[in-house]
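Enquirer: Here is a sequence together with a model predicted from it:
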Amino acid sequence: MKRLSLITLVFAVLSLSFFLLLIFLRSPFIYYPLMSYQDVLDILTPLVLIPIYWLLFKYAANDESSPVEEIVFMVLAAIWVEGQGLHLSSNSINNLAEALAKKQVIDITATSIYQLTYFYDEHLSHYMWHIGVVGFAALLIYREWRRPAGIPTTWWATIVAGLVYGISIFCIFLEGQTLVLGLPFTITITLLTLIWGRRKMAHQPILAFFFISCLVAVLLFGGWGLYWGGLPQFSDVGLI
């Protein structure tokens, strides 16, 4: 697949759209106002991104995938989808509860119902989803590293894709409170590639894509940490 770099670009743009840009569509859905347009479109997230993960997986290596690799892919897909789905529903309920409280219709934010929903939304779902994100990246890099297909990297597409996806993962790990996953992962991939993979990137577009993404994320983490004297969430500093 000579256009593997272009697939990473499509993947990065769609990830940015579904992970971040949907938050600007929180207005009530016209056909069922208890939901927002964000909720409705977020249903499409795994239906769009998991098939692209599969394309990257299939074209990463120069041979057919092994049964073990395919099982790992399916397990990661299940974790990713379950985490995303859990986040979709609990985040939707949380947003509704907070909106009703602000309008002084009913306030359940001090109840156990809200606390449980918040746990699903901000903790369990984020960790499950982001374990899938990290796991998929590691699997794709591993598969290409061991049996590369030898596809030339299209650098303009890979650089743009890496910049876009690097911003995305910086934001989801920071705001998702999953820095314990995201920070070690991005640093590890950056150092691993710099030390052992520099010469591989010209013919390993997936490695090049994730290296640029992780490098961008690490630089953003560093800049954010220096500016704020730590790594607060966007919501903690009033940016969302």
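Expert: It's in.

Enquirer: use CA for all of it now, contacts and neighbours both
Expert: Fine.

Enquirer: Am I right that M35 sits in a strand?
Expert: Yes - with DSSP: H, G, I helix; E, B strand; the rest coil as the criterion, M35 is assigned to a strand.

Enquirer: ok, it - contacts?
Expert: By C-alpha atoms under 8 Å, 6 or more residues apart in numbering, the residues touching M35 are P28, F29, S92.

Enquirer: same check, this time on I169
Expert: When contacts are counted by C-alpha under 8 Å, 6+ apart, I169 is found next to G182, S213, A217.

Enquirer: picking up where we left off before, out of the contacts of M35, which sit inside strands?
Expert: When the contacts of M35 are checked against strands (DSSP state E), the matches are P28, F29.

Enquirer: Going by distance to A77, which of the contacts of M35 wins?
Expert: Top of the list for closeness to A77, among these and by C-alpha to C-alpha, is S92 at 22.2 Å.

Enquirer: and that closest one, what does it touch?
Expert: M35, S36, D39.

Enquirer: Now do the first one, the pLDDT please.
Expert: Think M35. At M35 the predicted local confidence, pLDDT, stands at 90.

Enquirer: can you list the contacts of I169 in JSON lines and add neighbour count and secondary structure?
Expert: Putting those into JSON lines (neighbours: other C-alpha atoms under 10 Å; DSSP: H, G, I helix; E, B strand; the rest coil) gives the following:
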{"residue": "G182", "neighbour count": "24", "secondary structure": "helix"}
{"residue": "S213", "neighbour count": "28", "secondary structure": "helix"}
{"residue": "A217", "neighbour count": "27", "secondary structure": "helix"}
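
Enquirer: Please compute how far stretch 147-162 lies from its chain's middle.
Expert: Here stretch 147-162 shows a centroid-to-chain-centroid distance of 19 Å under the convention C-alpha atoms, centre = their mean, to the nearest Å.

Enquirer: swap in stretch 142-154?
Expert: The gap between where stretch 142-154 is centred and where its chain is centred comes out at 22 Å by C-alpha atoms, centre = their mean.

Enquirer: Can you show me the helices along the protein?
Expert: Secondary structure of the chain, counting by DSSP state H: helices at 4-19, 37-42, 45-59, 67-102, 112-119, 125-146, 155-175, 179-192, 205-228.

Enquirer: wait, which of those helices is closest to L239?
Expert: For L239, the closest of the helices of the chain is helix 155-175, at 10.8 Å, according to C-alpha to C-alpha.

Enquirer: Return the closest one as PDB; C-alpha atoms alone will do.
Expert: Written as PDB, here are the backbone C-alpha positions of helix 155-175 (Å, rounded to 0.1, in the frame of the first residue of the first chain):
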ATOM      1  CA  TRP A 155       7.000  13.000   4.400                       C
ATOM      2  CA  TRP A 156       4.700  15.900   3.800                       C
ATOM      3  CA  ALA A 157       1.700  13.700   4.600                       C
ATOM      4  CA  THR A 158       3.400  12.100   7.600                       C
ATOM      5  CA  ILE A 159       4.600  15.400   9.100                       C
ATOM      6  CA  VAL A 160       1.100  16.900   8.800                       C
ATOM      7  CA  ALA A 161      -0.500  13.800  10.200                       C
ATOM      8  CA  GLY A 162       2.000  13.600  13.100                       C
ATOM      9  CA  LEU A 163       1.400  17.300  14.000                       C
ATOM     10  CA  VAL A 164      -2.400  16.800  14.000                       C
ATOM     11  CA  TYR A 165      -2.300  13.600  15.900                       C
ATOM     12  CA  GLY A 166       0.300  14.800  18.400                       C
ATOM     13  CA  ILE A 167      -2.100  17.700  19.300                       C
ATOM     14  CA  SER A 168      -4.900  15.200  19.700                       C
ATOM     15  CA  ILE A 169      -3.100  12.800  22.000                       C
ATOM     16  CA  PHE A 170      -1.700  15.700  24.000                       C
ATOM     17  CA  CYS A 171      -5.200  17.000  24.600                       C
ATOM     18  CA  ILE A 172      -6.900  13.600  25.400                       C
ATOM     19  CA  PHE A 173      -4.200  12.500  27.800                       C
ATOM     20  CA  LEU A 174      -4.100  15.900  29.600                       C
ATOM     21  CA  GLU A 175      -7.900  16.500  29.800                       C
END
